[in-house]
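K.L.:
Provide a 3D model corresponding to the input given below.
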Amino acid sequence: MLGMILATLTGLIIFIYISILYLPIIALKDEKTAVKLAREKLKWLSKLVLKSLGVRLRVVYKNRKNINQLEREKGIIYVCNHQSNLDIPVIVSALHMDVGFVAKKEMKSWPFFNIWMRKSKCVFLNRENPREGIKDIKEAVKVIKEGYPIVIFPEGERTLDGEILRFKKGSFKLATETNGIIIPLTLKGTFDIQKRGEWKMKRNQLVTIVVDEPIYVSSLSKEELKDLSTTVREIIENNYRKIK
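P.N.:
The predicted structure is shown next:
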């Protein structure tokens, strides 16, 4: 309970502070500068939230040099397993590259946080209405093609038991329609902080995130594209099993 109170208070106080201080500044900037600034402030906030919970963050790059050389304009999509509500602040804190998210539409109603997600070029996905969901995916494709890296959780929901769920093939339309670059992310440890359906949070937990080698969609055969969701899931699951 203490962890939940600390994280919530930290988040609200900092959100209010940066909203009052930086939203007027962002409004005066050009789009590219505004998005970069909004994502920087989300990273700052995320690190403070994790610090309030005593999270020990371990980041493992398989080949950071290769990641650094990627061209944003080619379309970069991070694909990650979904463990907890803490996944977003962990990913934002861990990655050296600024990212937005394809998030559930319910996050539109989160106080303050929704404003910064919009400013960060995040896309809210409607999973209940297929027609609206298609529009949301098209919006995400547009954002990626504009050179803004995005993270998606292809399971569609948080795990109930810590195990990785089946990946939904529809999530990979972002990659196939942009003909972009997929970077598999493996996340472990946030489930131990806060499980789905619970309010309580555990403090001082180790969280590990593995950033794997890029997958260039444009280089894949038709058969490889057909099995793309399975291939990426296997990469993530193999990394997950190896994390101690």
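
K.L.:
next, the buried residues of stretch 86-103.
P.N.:
Neighbour-count burial for stretch 86-103 flags 86-95, 98-103 (criterion: 16 or more other Cβ atoms under 10 Å). Every C-beta, even on glycine, is put in place using the N, C-alpha and C of the backbone.

K.L.:
from those residues, which one has the minimum pLDDT?
P.N.:
The lowest pLDDT within these belongs to residue 103, with 84.

K.L.:
how about it, what does it touch?
P.N.:
88, 117, 122, 123, 124, 125 (Cβ atoms under 8 Å, 6 or more residues apart in numbering).

K.L.:
the last one and residue 58: what is the separation?
P.N.:
Distance from residue 125 to residue 58, counting by Cβ to Cβ, to the nearest Å: 29 Å.

K.L.:
these two: who's more crowded?
P.N.:
residue 125 (23 against 13; other Cβ atoms under 10 Å).

K.L.:
residue closest to the middle of the chain?
P.N.:
Nearest residue to the geometric centre of the chain (Cα atoms, centre = their mean): residue 151, 4.0 Å.

K.L.:
excluding chain neighbours, what is closest to it?
P.N.:
residue 78 (4.2 Å; Cβ to Cβ, 6 or more residues apart in numbering).

K.L.:
can you tell me the SS state at that neighbour?
P.N.:
Using DSSP: H, G, I helix; E, B strand; the rest coil, the structure places residue 78 in strand.

K.L.:
quickly list what it is bridged to.
P.N.:
residue 151, residue 183 (DSSP bridges).

K.L.:
helices of the chain, start to end?
P.N.:
For the chain, the helices defined by DSSP state H occupy 2-27, 31-52, 64-68, 87-94, 113-119, 130-145, 173-178, 190-193, 222-226, 228-242.

K.L.:
contacts for the shortest one?
P.N.:
With Cβ under 8 Å, 6+ apart as the contact definition, helix 190-193 has outside contacts at 3, 53, 55, 83-84, 86-87, 90, 159, 162, 201-202, 205, 207.
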